[in-house]
Structures are given as C-alpha cells and as structure tokens.
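> Next one to model:
(2 chains, ligands or ions: 2)
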Amino acid sequence: MQVMTVRFDKLGVVIAAIIAYAAFAAPFATFRANRIVPGEARSILDSLPAAVGPLLLAILVIAAIIALLKTPLVLRLAASVIALAALAILIGVAGSFLTPEGNTFARISPASGFWLLIFAFTLLLADVLTRLNLSPWARLGGLVIAALAIGLLLASGSWNSLSILKEYANRADSFWAEGSKHVTLALGSLAAAVVVGLPLGILCHRVDKFRAGVLNVLNIIQTIPSIALFGLLIAPLGWVATHVPGAAALGIRGIGAAPAFLALFLYSLLPVVANTVVGLAGVPRAANDAARGMGMTDRQRLFGVEFPLAFPVILTGIRIVLVQNIGLATIAALIGGGGFGVFVFQGVGQTAMDLVLLGAVPTVAMAFAAAIILDAVIEMTATKRRVETA
Amino acid sequence: MIEIEGITKRYDATTVVDEVSMLIEPRTIAVIVGTSGSGKTTLLRMINRLVEPTSGVIKLDGADNRSLPGYELRRSIGYAIQGHGLFPHRTVAQNIATVPVLLGWDKARIKARVEELMTLYQLDLEAFGPRYPHELSGGQQQRVGVARALAAEPNVLLMDEPFGALDPIIRNKAQEDLLAIQKRFGTTIILVTHDMEEAVHMGDKIAVMDAGKLVQYAKPAEILAKPASAFVETLVGASEKPFRLLSLGRVRDAVETGTAEGEAILDDASQRDALAELLWSGRPALPAKGADGKPLGRVTVDGLVKRAARPA
Ligand SMILES: Nc1ncnc2c1ncn2[C@@H]1O[C@H](COP(=O)(O)OP(=O)(O)OP(=O)(O)O)[C@@H](O)[C@H]1O
Ligand SMILES: [Mg+2]
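Ligands and ions are numbered 1, 2, ... in the order given. The predicted structure follows:
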C-alpha cells in the first residue's frame, strides 16, 4: 500500500487560515442605505448572484489548499493570480447585485473579508515572486501588467457600483488635482533633498568635522513627529511670508504647500545624506588608492570611482525617501497642503470610510509601485558590474 | 634616474621613513626588502607623492618631483599597488586603459595597447577583456594590476609586491617578462618584495630597510657576501645564502677543463641549477655546452661548493 505523505508549506498554513476565516466567517461586502449610516455585513453567498457565490468559494478553497500544501511554484502563482483576479472582478459584481434597482443612495463597499482575502493572496503572490527570483525586468513587467489590469477594470465600469468609485465620481476633478499635488509634493521634496543631500553627503564624507554634526542634526529632525514638524514650521514660514518681499508671491505661507514641502524635504535629507556617507565610506580603500595612484584628480576620482561604487547604496536611500514621502505627503492635507490626504481627512471628518479609502488606496498603490520600481533599478545598477558580458 | 635625498616621513611622533638617501641609476631595477612595517610602501609612495614627505627631496631625472601637480606626476609613473587595487566596477580592459584614458590617448591607440598588454600577460582578450576583477583569480588580478601600471609606457615603474599572489611557476614567468620589458624599454623600476629570492634575481641593487632606516643599499652579491649588520644577515637568511650566491652566477663562469658523462647543461643556466642537477643525479661532474651546442668543459660539485663559500 502506498503511503501518502502530506507536507505543509509554513507560510501557506497562515495564508490558508486567513483565507478560511475571511471566506466563511468575515463579511465580504457592506451594504448601507446611504453613505454615512452604519452598514450591514453580507457574506460571499449573500453578496453574489446564485451560481457565482459558490463558484468564488470553490476557487478560494482550491487556492487555499494549493497554498497550504507544498506545491510547485507555477501552481501557486496561478492560484494567487486567479484568486486575485476573481476577487477583483466579483467585488464589482457584488456591487451591482446588492444595489437595489434605481436606488442612488445605497452604498456597497468591500468589507473586512474581502480585504483579508486580497491581503492573503497578495502575500502568497509576493512569496511566490520572491522564490521565483525574477529578474528586475520581469518584476517591472509584472507591475505593468497589474497596472494595466486594474486600469482595464476601472475603464470597463465594472466597479462603478462600488461606493469608493461613487465617491470618486462626485470628485473626479479634485481627485486628479489633489493627486498631482501629492505627486509634486513627494517627488519635488525628494528632488530637492537629492540636490542638497548629495553634496552635503560628499562634504560629510570628506570633512570629518562635519559628519557627526550634520548627521546628528538630521537625526533629531527625523525624530520630530510629522504633525509637530508642520506645526513648528508654521511660525517661521509665516514670518518669512510677511517680512521677505516676494516670498508670499512665491506661495510661501505659514500653512499650505510650503511648510509641507519643507517638512518632507527635511525628513528626506537624513536618508539621502546618511546613505551617501555610508556608500562613499564603503568604497574599497584600494580602489580609492589606485585612483589617486593612477593620476586621477579629485573630481575624476569622485565621478569615476567613488560615485559609481556608492551608487547602489545612495539609490537605496532615495528609495526609502520616495516611499516614505508618498506616505507622509498624506499628512500635508492637515495644514492645507493638499494631496490625497484631503480625502482621508474629509472622510474621517464625515465618518465616510469610502472617502478615506479614496485617498488611502491610491497612496498605498503609488508607494508600492515606487518600491518595486526602485528595487528593480537598484538591482540593475548593482548587478551591472557583475553580469558576464559573454 | 631617481635621486632620493634625506627623505623622512613622520606620522605624529613615529618616524616611518628615516633620513633615507639612495640613487637609482636609469634603466636599472632597485629592489626594496625589509620586514613588514619597515616603511617600504611609504618610501615608494613618496616617489609619486601619494604620501608627502616630512622633509627631504626626491628628484626624477634631475627635476624635483614637486615641480608638477601630483596627479600629472602620477600619470607619468607606473604604479602597481600592493594587493592589485583594481577598480571593481570596471572591466579588465577598462582597468588596463585607465592611465591612457586619463592622458587622452585616442581610442585606437588605447585598444591596441590593451591588446598588446593582455597578450603579453597571457590573458585572452575575448575571455578576460570584458570580465570584472572579481571574476578573476588572485594571480590574474595581480597580472592585470601590473599590466595597468605598464599601460602608458612609463619611464619609471613603482611596484609594491607585484608578484605576491602568484604561484612559483607563474611568478617566474612574470619576473622574466618584467625583466624583458625592462630591457626593451629601459624602464627604471623600484620593486618592493618580501621574497629574498626575487630580490636577488631581479635587483641590480637591493635596498634593505629596517624600522624606517635604509641599512644597506648595494649589489646583490655584496649584500649576500658582506651583510652590513646582523639584521641584514638574518633577512638574507644565513642558511640559504650559499644557494643565493650560486643563483647569481652563470655556469659559464664556473666551467673547468675536462669532460663528464651525461646530458650537458647550458652555459647560461645558473650555478645553483647546475649544483641542484649534480646533487639530484648523484654525479660528481656535468658537461657544459654553449647555446650553439658546443662543449665547453665541465662543472663539478667541488668547484661549485667552493664558490658558495663565504668570500674571504
Ligand atoms: N597613514 C598612516 N598613518 C599612520 N601610520 C602609518 C600610515 N601609513 C603607514 N603607517 C605606518 O608606517 C609604518 C610603515 O608602513 P608601510 O606601509 O610603509 O610598511 P611596509 O614596509 O610597506 O609593510 P608591509 O611589508 O607590511 O607592506 C607602519 O608601521 C604603518 O603602520
Ligand atoms: Mg607595504
């Protein structure tokens, strides 16, 4: 008689448990008569048309089993992608199914079960992708495909009956305006931090006396809570606005985008400067020595040897800053700086969860995409000198 | 010609190089030996001003080495750094081309020079040119380091333990290559080594350093025969000395009249090799022949042993 040995995947056990709980015990969607009343929970079977509910459950159960057991990576990849796609499509179906005919006040939103399922399968997908050890280009390709798929779902209108898109429909113009403010804040402050931070890092590296002082100051700034920093900047910037001619015309005020920009810039400086210092310090002494010994000038050594060798470390700093800034820029809304935070704080004020999500989801998605893109770039620059040019 | 005049280097209170004066004739090889930390590298690096001396003057062909900006001076002096010091982000070919690129040579000339050097050092152009240093063995890295130092055809070459990581066979080959290059281009070389064998073999003169001081600077034979101090004597290695002396002499200088049985040894071989052959084969004498095959006479164990004895 053949003995069947069943072997479990460690992470898979956790994932399967989350799936089981989310699919059978947690609500899939929330139904509300209007946008601010408390909602009523709906299970998967209640949220979807007769045949579709059991179909989704079947997909989830099979995917959970695949995750639970030690299965080939390709199978795990297929399971996570199919499950995520099914969830993405069917939450739209639930939206239209649960909305009573002709009712424009009712709000349907994804509930905790849906989010947990998304989380579980994203975890599975991330695990598979890590284990597949994909090349940077393949990862970027995956990102593009995911973005296209989401774009397609949005364009097809299949999510239009979901509450978050109804919130969007009411504010389409301001959504894009705040979005571009958000990106400008995050990227602009990063660019400023790189322009200032790189030379500062080089100076810290070359002049010992500077290093401790500069890094200490930046460290202290980093520990100031963001809201406190915004607050601290209101007074000096307000003073500048009233006393420096032309400052106000440039948009410098105690509140608004200026202090937000400045605060993000200050937060960004430490990772950029510190990573520049660490990167330059990590350049092998022998390489520096050889550069001088071969007759390079200080400039030639900096650009020809030190920078290229420190570059991956500096890029790591820039990655930290970019992801951090995309998240932190949300808080700029508190002092009138704009950005996706506007929706988050409006939503909190109105206890409209979907409005909060309208601000939060794009922010998270952007941070996620930024991390993937920069990780890929870092890996490409770091491996460029390792690849075998056959 | 390199004139080192009363050169001293102090780091705070410690004197690392102490009042060293020496003169290196053009187109010769000076080898610096000494224990670890005796200041060999520091002395070498004061010649191309990677280290600025505390006092003293160094002249290259009569001109003070401070008359040029440091980086220009260094482009004109080949430098094989201790432990290769290749650029990890540049390929072998790019590494070798460093100084020619800095000097602004045109592309074709750089390419030709890189090819020439790689061929000389038996690094296959196709296979090794595009590789990165970490993809080479230690010995290959060291050869690339030497090739890089030679790239711009410098008149003066500073080499800091360039053959340390090579196995005996490759090392021998690398030494012969360097001697050939030195003869062909008339390069003046200062070479640092820990290997007394190498010093005796390569050096026209040997400088012995101890705790920052130059304790003896003389021809190899003189260093071996008349060590200036007990320190030099130990460094030279009392037990090995007879063989080292023999390795300096050629068979043709030890030929006696007479004949002997067996395979003849070339008159250009070292006396040390002849003695080794004699002892190994257990014979009292070997025939000697010229490069043209003409018999010249014989070398004997007795004759060679006498030559190995300390000169009176
Ligand atoms: N930048 C420096 N600051 C202080 N001391 C130094 C410095 N460079 C070298 N020294 C000291 O000077 C002494 C001589 O060093 P050097 O590198 O010239 O020795 P070396 O003879 O080349 O030794 P090795 O054979 O081990 O390479 C050592 O004691 C070393 O610690
Ligand atoms: Mg040394």
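
> roughly how far apart are residue A:353 and chain B?
Distance of residue A:353 to chain B, computed by Cβ to the nearest Cβ, to the nearest Å: 51 Å. Any C-beta I mention is one placed from the backbone N, CA and C, and that applies to glycine too.

> Ok, residue A:77 next?
Distance from residue A:77 to chain B, by Cβ to the nearest Cβ: 33 Å.

> for that residue, what are its contacts?
A:125, A:128-129, A:132 (Cβ atoms under 8 Å, 6 or more residues apart in numbering or on different chains).

> State which one residue of the stretch 101-250 of chain A is found closest to ligand 1.
Nearest residue of the stretch 101-250 of chain A to ligand 1 (Cβ to the nearest ligand atom) works out as residue A:208 at 14.3 Å.

> Contact partners for that residue?
Applying Cβ under 8 Å, 6+ apart, no residues qualify as near residue A:208.

> pLDDT value on it, please?
With respect to pLDDT, residue A:208 scores 84.

> try residue A:150
Confidence at residue A:150, expressed as pLDDT, is 93.

> what's the answer for residue B:57, then?
95.

> Does it lie in a helix or a strand, and which?
strand B:55-60 (DSSP states H and E).

> what does the helix or strand just after that strand rub up against?
Scanning forward in sequence from strand B:55-60 by DSSP H and E, the next helix or strand is strand B:63-64. Strand B:63-64 has contacts (Cβ under 8 Å, 6+ apart) with B:57-58.

> which other helices and strands contact the helix or strand following strand B:63-64?
On the C-terminal side of strand B:63-64, the nearest following helix or strand under DSSP H and E is helix B:70-76. Counting by 3 or more Cβ pairs under 8 Å, 6 or more residues apart in numbering or on different chains; DSSP states H and E, the packing neighbours recorded for helix B:70-76 are helix A:285-293.

> mean confidence for the helix it packs on?
Mean predicted lDDT for helix A:285-293 stands at 92.

> Now look at that helix and say if it contacts ligand 1.
No. Judged by Cβ under 6 Å from any ligand atom, helix A:285-293 makes no contact with ligand 1; its nearest approach is 10.9 Å.

> touching ligand 2 at all, that helix?
No. Interface with ligand 2: helix A:285-293 contributes nothing (Cβ under 5 Å from the ion), its closest point being 11.7 Å away.

> Tell me the residues on chain B that lie near ligand 2, please.
Chain B comes close to ligand 2 at residues B:41, B:82, as judged by Cβ under 5 Å from the ion.

> for chain B, what spans make up the strands?
B:2-11, B:14-24, B:29-34, B:55-60, B:63-64, B:77-80, B:156-160, B:188-192, B:205-210, B:213-218, B:265-266, B:285-289, B:295-300 (DSSP state E).

> Can you list the low-confidence ranges for the stretch 1-150 of chain B?
Under the criterion pLDDT under 70, no range of the stretch 1-150 of chain B is flagged.

> Check the stretch 201-312 of chain B too.
Looking at the stretch 201-312 of chain B by pLDDT under 70, you get B:238-239, B:309-312.

> the helices in it, which residues?
Ranges of helices in the stretch 201-312 of chain B, per DSSP state H, counting those that start in this stretch, are B:220-225, B:230-236, B:241-248, B:271-281, B:301-308.

> can you redo the contacts of residue A:77 as a markdown table with secondary structure?
Output for the contacts of residue A:77, formatted as a markdown table (DSSP: H, G, I helix; E, B strand; the rest coil):
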| residue | secondary structure |
| --- | --- |
| A:125 | helix |
| A:128 | helix |
| A:129 | helix |
| A:132 | helix |
